[in-house]
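# Fold the following and give me the result.
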Amino acid sequence: MFTSRAEYRLILREDNALIRLMGKGHALGLIPDDAHERFQERIRCIRDGLERMSATRIYPVEDVNRTLQEIGTAPIRNPVTLFQLLKREEVAYDDLKPFAGWEPIADRMVKKQIEIEAKYEGYIKRQIEAVQKMKVLDAAKIPAGLDYEAIPSLSNELKMKLVRIGPATIGQAQRIPGMTQSALTAILIFIKKMELQAAQKKNT
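Next up, the predicted model:
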């Protein structure tokens, strides 16, 4: 599947493919130890860089705001971290060198990854939450042979798709084209009712 068509394309990005897959490749014996160690050092640099950016705070004094205007971004009114500044679309990692109290990173790949982590932090967090939610839905089983015709709120089109595809979990059902949140809720409620009825019969 093309990354641009994947469900979670901010997580499955081209720029972080090495981060996601290098460890697996090394475990399978496809990546030499020295190459793996060099890449792990890059990962450490990214983490250290992000920590420094989050820990370094600047204040709305005249010199700071003058420098911000010189690099083409708006002055600040309240104290902010360099990580917060890097979230701005027009700000690059190298623009913040005047405020850094450490030796700037030279590795372009490391700098680029730090920028991406800052600028897309909110979107990435939301997609990670969506992935976790999907894992929960994938664990919610649909009983084999469920009678979708008995769920009145489902459209005829969805009923036909569900019967034809036969999803084993709610997560699989959610991926069916045309599936809606209300339809998923109706299926879940129907399954819960079935389970309650079965439990009541068992106890009588």
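# Please enumerate residues in contact with stretch 88-104?
Applying C-beta atoms under 8 Å, 6 or more residues apart in numbering, the contact partners of stretch 88-104 are 52-53, 56, 58, 64, 67, 71-74, 82, 85-86, 105, 111-112, 114-115, 119. Any C-beta I mention is one placed from the backbone N, CA and C, and that applies to glycine too.
# which regions of this protein sit below the pLDDT cut-off?
For the chain, the stretches with pLDDT under 70 are 1-26, 28, 204.
# Now Ile76: closest residue in space that isn't a chain neighbour?
Closest residue to Ile76 apart from its sequence neighbours, by C-beta to C-beta, 6 or more residues apart in numbering: Pro60 at 4.8 Å.
# and that neighbour, that one's in a helix?
No: according to DSSP: H, G, I helix; E, B strand; the rest coil, Pro60 belongs to no helix; its state is coil.
# tell me the phi and psi of it?
Main-chain dihedrals, Pro60, degrees, to the nearest 10: phi -80, psi 60.
# okay, now the domains of the chain?
As recorded under automatic domain parsing, the domains making up the chain are 3-128, 141-203.
# what's around Ile46, how many residues?
Using other C-beta atoms under 10 Å, the number of residues around Ile46 comes to 21.
# In what element of secondary structure is it found?
helix 33-55 (DSSP states H and E).
# Then Val110?
Using DSSP H and E, Val110 sits within helix 108-119.
# After that helix, which helix or strand is next?
On the C-terminal side of helix 108-119, the closest following helix or strand by DSSP H and E is helix 121-139.
# Alpha carbons of the helix or strand that that following helix is followed by, as CSV, please.
Beyond helix 121-139 on the C-terminal side, the first helix or strand identified by DSSP H and E is helix 156-165. This file holds the C-alpha atoms of helix 156-165, laid out as CSV (Å, rounded to 0.1, in the frame of the first residue of the first chain):
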residue,chain,number,x,y,z
ASN,A,156,-29.7,-2.5,3.4
GLU,A,157,-26.4,-1.7,1.7
LEU,A,158,-24.4,-2.1,4.9
LYS,A,159,-26.2,-5.3,5.8
MET,A,160,-25.2,-6.8,2.4
LYS,A,161,-21.6,-5.7,2.8
LEU,A,162,-21.4,-7.1,6.4
VAL,A,163,-22.9,-10.4,5.3
ARG,A,164,-20.5,-10.6,2.2
ILE,A,165,-17.4,-9.6,4.1
